[in-house]
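*Asks:* Fold the following and give me the result.
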Amino acid sequence: MGRSQLFIFLCIEMLAGALWLFLRIVAHGPLWACLLGSSIFALTAAWRWHDGRWWLLIHALFFPVVFGALQLDISPLWYLFAFVFSWLVFGRVALNRAPLFLSNRQVLTALEKRLPQAGHFLDIGAGSGTVLVWLAKRRPDLQLYGIEQAWLPWLLGRWRLPRHVVWLRGDYQTLDLARFDMTYAFLSPVPMAALWQKARQQMRPGTLFLSNTFTVPNVEPDEIIELDDWKGGRLLLWHM
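*Replies:* Model prediction:
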């Protein structure tokens, strides 16, 4: 969620809350009708202003779920704990819209077999280092790099990875991709266009850009490897 999308989200939910207050306090409507009215308003506004159908469900359920949580009468510290834990696991997902996805064995095997010999391999948004752990054991010819922004996955990766793997914490946008021969990403549909532009500008001719599942808008991959997993995943490759 970019900053503009976050602003829209907050505005919609604030208006939904204001509508609930009006229906409940001014119009003296029944509780269920007030909640339904605010949900329908938020859903309609999301359909008008947000991209992606999944926003409809989030907005439809957000205010009723918050209202229900407030009725539980639990300590506010639990909400603080949930927020801190989410931030440690997911980092700035509200802004970069790239949640934590874990690469499965099918894509690990495909990478092991398909990556060319030698060279520098970078895993963008590397999570807890699953891809790098696998390649470190099976592809000693590669020089491995990974970058992750969220603290908890990064700490887990630091514990799991051998010392010869370069393990960075931060925003991949600060990296110069020119130093890498192979760049792999498993992010989300949202950042793919910007990441592709960065790759086009910085990666050298003859290098390889790979994406797990998510395509680059309006740019056909040069090669597609079907992963034959339960979610119909694919490994997409572009020769720069």
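
*Asks:* What's the first helix or strand after the helix or strand of the chain with the lowest mean pLDDT?
*Replies:* Least confident helix or strand, the chain: helix 93-96 with a mean of 51, by mean pLDDT, DSSP states H and E. Helices and strands here follow DSSP states H and E; after helix 93-96, the next one along the chain is helix 105-114.

*Asks:* Partner strands of the next helix or strand after that following helix, with direction?
*Replies:* Sequence-wise, the next helix or strand downstream of helix 105-114 (DSSP H and E) is strand 120-124. Using DSSP bridges, the strands paired with strand 120-124 are strand 143-148 (parallel), strand 182-185 (parallel).

*Asks:* wait, which of those is closest to residue 104?
*Replies:* Residue 104 lies closest, by C-beta to C-beta, to one member of the strands paired with strand 120-124: strand 182-185, at 13.9 Å. All C-beta spots, glycine's among them, are computed from the backbone N, C-alpha and C.

*Asks:* Now the following helix or strand past the closest one: buried residues?
*Replies:* Once strand 182-185 ends, the next helix or strand along the chain (criterion: DSSP H and E) is helix 192-202. Going by neighbour count (16 or more other C-beta atoms under 10 Å), the buried part of helix 192-202 is 192, 195, 196, 198, 199, 202.

*Asks:* Restricting to C-alpha, output helix 192-202 in CSV.
*Replies:* The C-alpha trace of helix 192-202 is given here as CSV (Å, rounded to 0.1, in the frame of the first residue of the first chain):
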residue,chain,number,x,y,z
MET,A,192,6.9,-5.5,-10.1
ALA,A,193,6.7,-2.6,-12.5
ALA,A,194,9.1,-0.4,-10.5
LEU,A,195,11.4,-3.3,-9.9
TRP,A,196,11.5,-4.1,-13.6
GLN,A,197,12.4,-0.5,-14.4
LYS,A,198,15.2,-0.6,-11.9
ALA,A,199,16.5,-3.9,-13.4
ARG,A,200,16.3,-2.5,-16.9
GLN,A,201,18.3,0.5,-15.9
GLN,A,202,20.9,-1.2,-13.8
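
*Asks:* Residues contacting the next helix or strand after it, please?
*Replies:* Where DSSP H and E defines the elements, the next helix or strand beyond helix 192-202 is strand 208-212. For strand 208-212, the external contacting residues (C-beta atoms under 8 Å, 6 or more residues apart in numbering) are 101, 103, 107, 111, 115-116, 181-187, 192, 196, 199, 203, 221, 233-240.

*Asks:* All the helices of the protein, residue numbers only.
*Replies:* For the chain, applying DSSP state H gives helices covering 3-21, 31-49, 54-70, 76-90, 93-96, 105-114, 130-138, 151-160, 192-202.

*Asks:* Need the winner for burial among those.
*Replies:* When you average the neighbours per residue for each of the helices of the chain (mean count of other C-beta atoms under 10 Å), helix 130-138 leads with a mean of 19.

*Asks:* Just the mean pLDDT for that helix, thanks.
*Replies:* Average pLDDT, helix 130-138: 96.

*Asks:* name the helices or strands packed onto that helix?
*Replies:* helix 105-114, strand 120-124, strand 143-148 (3 or more C-beta pairs under 8 Å, 6 or more residues apart in numbering; DSSP states H and E).

*Asks:* The ones you listed into TSV, with extra columns for distance to residue 160 and mean pLDDT?
*Replies:* Listed next are the helices and strands packed on helix 130-138 as TSV, based on distance: least, C-beta to C-beta, whole Å; pLDDT from 0 to 100:
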stretch	distance to residue 160	mean pLDDT
helix 105-114	14	94
strand 120-124	13	97
strand 143-148	11	96
